[in-house]
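Visitor: below are the sequence and a predicted model; questions follow.
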Amino acid sequence: MKPIIELIKDLADKHGRERHSLLPILQGVVEQEKYLSEYSMIEIARELDIPATEVFGTATFYSFLEHKKMGTYIIRVCKTITCAMKGEKQILLTIEDMLKIKVGETSSDGKFSLLQTNCLGFCHKAPAMLINNEVYTDLTPEKIREILTMYMNKKEGGENVN
Amino acid sequence: MSTNYLLKRVDFIFKNENDWEDVLKKSITRPPQELINELISSELKGRGGAGFPTGLKWKVASEEKSDVKYVICNADEGEPGTFKDREILSRVPFKVLTAIAICGYVIGAKKGYIYLRGEYYFLQPELNKAISEFEYFCKEINFDFSIKIFMGSGAYICGEETALFESMEGKRGEPRNKPPYPSSFGYMGKPTVINNVETLAHTYTIFRYGSKRFYDLGVQYSRGSKLFSVSGDTPKPGIYELELGMSLADFVEEFGDDDTKAVQVGGASGFLVPRKKFAETNIGFQGKLVGISLPTGGSMMLFNSSRSMFNVLDNYLNFFAEESCGQCTPCRVGCQQLLMGIKAVKRGDKNAQYLDKLLKLAETMQITSKCGLGQSVANSFSSIVENFREEMIY
């Protein structure tokens, strides 16, 4: 984990300091931090020399750019029609029951956040969800228990060891 | 009895990618005008849903005078029930890359972008590998062209072409007024061709085999084949390449579960067709076909008799209310009012005639919204409320 200021500088070096570099920079910060704090948005604005309100306005438009503190693993369960028809509710209940959090909440150990999202494009393998950038499809409560147990046993920072 | 033979399966998109180097080399030695004519005579229309003639798009952009132009591949596949573009990008990426580069050659652009939706982030490593290999080959043959992936961040509206440009420019994904159209004023205000992933993959087929092979498929006004994303109450969900112009009745015969009550053609922004209209409905672009002809980005969602159409509409309206960019009033307020309205009718707080007022509101949204999102809410709203009125009330 890089300090935020350093991360923002590196991202700006990589993507440039123009307005059209904004989204990749925001995404880069979210990739490490999982969300955009007010502090990081102000720092990005400073780095690109644009008003902080512009950064805030842009960032809050996109549903994957969270501006509230999130857990290490962000679970996004698809709620659009086919997933809703194929048991999305049971999936949510199973996750809520296992992690003891409701939609929109983060577990007390800061490991998991549970969110709902719109169509993930896996309607033929519904229900589907994302955990950070990994997709899980054809979900059942049993499968959810397996997947979440795997994540619960993961050490902090040990991402993408599938 | 199966009417398998009535649905004409095609295998173009996912086949024969290994000759992309030849296709690229040969295409960039042909005069641009000839390639444009090839596309125009194929009558290929955009496969993202709107169905604009692809050849015309390229032609207009090629005639624009500008030192800088762009080609953008729209991979912001967000329409509920659509998942074909991901499959194309993961199975035949070189077809798409080649098509982007050929388009660049035709219109005079040196740079191409793939706008990939945030949900497909996992495609990035493989796609970047393909891009490196592709660019290496371009260098070898002294063809100056580069391609970059631009990631989206979870906004359905960014699939709208001008919203996509805004997003790439680092702004909120709010659609622009049209005109000016992208071919003259697109990304960074420069002439831009923006095509759907599947559209580009079809241009590859056309440049490789000639326009006739493509034109010979399909029916009048709806030439060629199309990928269909089939989901919902079906024993065989998945992606199928079929000739355009098929009747919905044949489609249901093949993909239904013998209890199909309705099919949503074209995703949440498309139309719901009830069982009694299957026979008169064809899948293709508006033309002089008998009966109704529905264009589509390829989303086909089947519902059987266990499904409540109220729940379906409720789900769609929630989707639109969340994904509306909020820029123009008819769409921002309209989506929320339609959603509250059908709930009030269901609860009995409003009488059944209130549905007629909501239908009027949907019509107003269709006329006055700034972009396709607000304009198309009426498609599903009206087709569901009109055909399943009693399910909305009781």
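Guide: Perfect, I can see it now.
Visitor: only C-alpha atoms from now on, for both contacts and neighbour counts.
Guide: Noted.
Visitor: next one: the residue nearest to the spatial centre of chain A from residue A:94, what distance?
Guide: Per C-alpha atoms, centre = their mean, the C-alpha nearest to the average position across chain A is that of residue A:74, at 4.5 Å. With distances taken as C-alpha to C-alpha, to the nearest Å, residue A:74 is found 16 Å from residue A:94.
Visitor: quick one on the thing from earlier: the helix or strand hosting the residue nearest to the centre of chain A packs against which elements?
Guide: Assessed by DSSP states H and E, residue A:74 sits inside strand A:73-78. Under the contact definition 3 or more C-alpha pairs under 8 Å, 6 or more residues apart in numbering or on different chains; DSSP states H and E, strand A:73-78 sits against helix A:88-99, strand A:112-117, strand A:129-131.
Visitor: so what's the backbone phi/psi at whatever residue of chain A ends up closest to chain B?
Guide: Sorted by distance to chain B under C-alpha to the nearest C-alpha, the residues of chain A start with residue A:20, at 4.0 Å. According to degrees, to the nearest 10, the main-chain angles of residue A:20 amount to phi -70, psi 0.
Visitor: in this structure it contacts residue B:170, no?
Guide: Yes - here residue A:20 reaches residue B:170: they are 4.3 Å apart, a contact under C-alpha atoms under 8 Å.
Visitor: quick one: which of the two has more around it?
Guide: In this comparison of residue A:20 against residue B:170, neighbours counted by other C-alpha atoms under 10 Å in any protein chain shown, the higher total goes to residue B:170 at 21 against 18.
Visitor: quick one: the more buried one is in a helix?
Guide: No - per DSSP: H, G, I helix; E, B strand; the rest coil, residue B:170 lies outside any helix segment and is coil.
Visitor: quick check: it touching residue A:19?
Guide: Yes - between residue B:170 and residue A:19 a contact is recorded at 5.5 Å, counting by C-alpha under 8 Å.
Visitor: before we move on, back to that, of all the helices and strands packed on strand A:73-78, which gets the most neighbours per residue?
Guide: strand A:129-131 (a mean of 23; mean count of other C-alpha atoms under 10 Å in any protein chain shown).
Visitor: burial of residue B:127, as a residue count?
Guide: Taking other C-alpha under 10 Å as the definition, residue B:127 ends up with a neighbour count of 19.
Visitor: check which helices and strands the helix or strand harbouring it sits against.
Guide: Secondary structure here is read from DSSP H and E; on that basis residue B:127 sits in helix B:124-140. Applying 3+ C-alpha pairs under 8 Å, 6+ apart, one finds that helix B:124-140 makes contact with helix B:84-91, helix B:93-107, strand B:146-151.
Visitor: which strands and helices sit next to the shortest one?
Guide: By that I understand strand B:146-151. When contacts are defined as 3+ C-alpha pairs under 8 Å, 6+ apart, strand B:146-151 packs onto strand B:111-116, helix B:124-140.
Visitor: of these, which is nearest residue B:7?
Guide: In this view, the helices and strands packed on strand B:146-151 are compared for proximity to residue B:7 by C-alpha to C-alpha, and strand B:111-116 is the closest at 31.3 Å.
Visitor: helices or strands up against the closest one?
Guide: strand B:70-75, helix B:93-107, strand B:146-151.
Visitor: export the ones you listed to TSV and append columns for distance to residue B:325 and mean pLDDT.
Guide: Shown next, in TSV, are those (distance: least, C-alpha to C-alpha, whole Å; pLDDT from 0 to 100):
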stretch	distance to residue B:325	mean pLDDT
strand B:70-75	18	98
helix B:93-107	29	98
strand B:146-151	18	98
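Visitor: my guess is residue B:310 contacts residue B:390. True?
Guide: No - the pair formed by residue B:310 and residue B:390 falls short of the contact definition of C-alpha under 8 Å, at 9.5 Å.
Visitor: between those two, who's got more neighbours?
Guide: Residue environment comparison for residue B:310 versus residue B:390 gives the larger neighbour count to residue B:310, 21 against 12, counting by other C-alpha under 10 Å.
Visitor: run through who's touching the host helix or strand of the more buried one.
Guide: In this structure, residue B:310 is located in helix B:309-323 according to DSSP H and E. Contacts of helix B:309-323 with the rest of the structure, by C-alpha atoms under 8 Å, 6 or more residues apart in numbering or on different chains, involve A:80-81, A:118, B:155-157, B:268, B:332, B:335-336, B:338-339, B:342, B:373, B:377, B:380-381, B:384, B:388, B:391-392.
Visitor: let's see which of these end up in helices.
Guide: Judged by DSSP state H, helices contain the following of these: A:81, B:332, B:335-336, B:338-339, B:342, B:373, B:377, B:380-381, B:384, B:391-392.
Visitor: tell me the phi and psi of residue B:153?
Guide: Per-residue torsions, residue B:153: phi -140, psi 40 (degrees, to the nearest 10).
Visitor: before we move on, back to that, now the helices and strands packed on strand A:73-78 as TSV including mean pLDDT?
Guide: Output for the helices and strands packed on strand A:73-78, formatted as TSV (pLDDT from 0 to 100):
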stretch	mean pLDDT
helix A:88-99	98
strand A:112-117	98
strand A:129-131	98
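Visitor: and these as a markdown table, adding distance to chain B?
Guide: Formatted as a markdown table, the entries for these read as follows, by distance: least, C-alpha to the nearest C-alpha, whole Å:
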| stretch | distance to chain B |
| --- | --- |
| helix A:88-99 | 13 |
| strand A:112-117 | 9 |
| strand A:129-131 | 8 |
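Visitor: I'd like these laid out as a markdown table, including distance to residue B:369.
Guide: Formatted as a markdown table, the helices and strands packed on strand A:73-78 follow (distance: least, C-alpha to C-alpha, whole Å):
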| stretch | distance to residue B:369 |
| --- | --- |
| helix A:88-99 | 32 |
| strand A:112-117 | 25 |
| strand A:129-131 | 32 |
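Visitor: so which of the ones you listed gets nearest residue B:246?
Guide: Put simply, out of those the one that sits nearest residue B:246 is helix A:88-99, at 32.4 Å, with distance taken as C-alpha to C-alpha.
Visitor: now that closest one: how far from the chain's centre is it?
Guide: Taking C-alpha atoms, centre = their mean, to the nearest Å, one finds the center of helix A:88-99 at 18 Å from the center of the full chain.
Visitor: any buried residues in stretch A:42-58, and which?
Guide: Applying a neighbour-count criterion of 16 or more other C-alpha atoms under 10 Å in any protein chain shown, the buried positions in stretch A:42-58 are A:42-45, A:48, A:52, A:54-56, A:58.
Visitor: quick one: end-to-end distance for that stretch.
Guide: Taking C-alpha to C-alpha as the measure, stretch A:42-58 stretches 13 Å from start to finish.
Visitor: is any residue of that stretch near chain B?
Guide: Yes - contact between stretch A:42-58 and chain B, assessed by C-alpha under 8 Å from any C-alpha of the partner chain, occurs at A:57-58.
Visitor: mind listing residues that contact that stretch?
Guide: By C-alpha under 8 Å, 6+ apart, the surrounding residues in contact with stretch A:42-58 are A:5, A:8-9, A:12, A:17-19, A:22, A:25, A:41, B:170-172.
Visitor: mind redoing it with 7 Å?
Guide: Stretch A:42-58 is contacted from outside by A:8, A:17-18, A:41, B:171-172, using C-alpha atoms under 7 Å, 6 or more residues apart in numbering or on different chains.
Visitor: may I ask which two of those residues are separated the most?
Guide: Largest separation among the contacts of stretch A:42-58 by C-alpha to C-alpha: A:8 and B:172, giving 20.2 Å.
Visitor: deepest of the helices and strands packed on strand B:146-151, which one?
Guide: Burial of the helices and strands packed on strand B:146-151 is given as mean neighbour count (mean count of other C-alpha under 10 Å); strand B:111-116 ranks first at a mean of 23.
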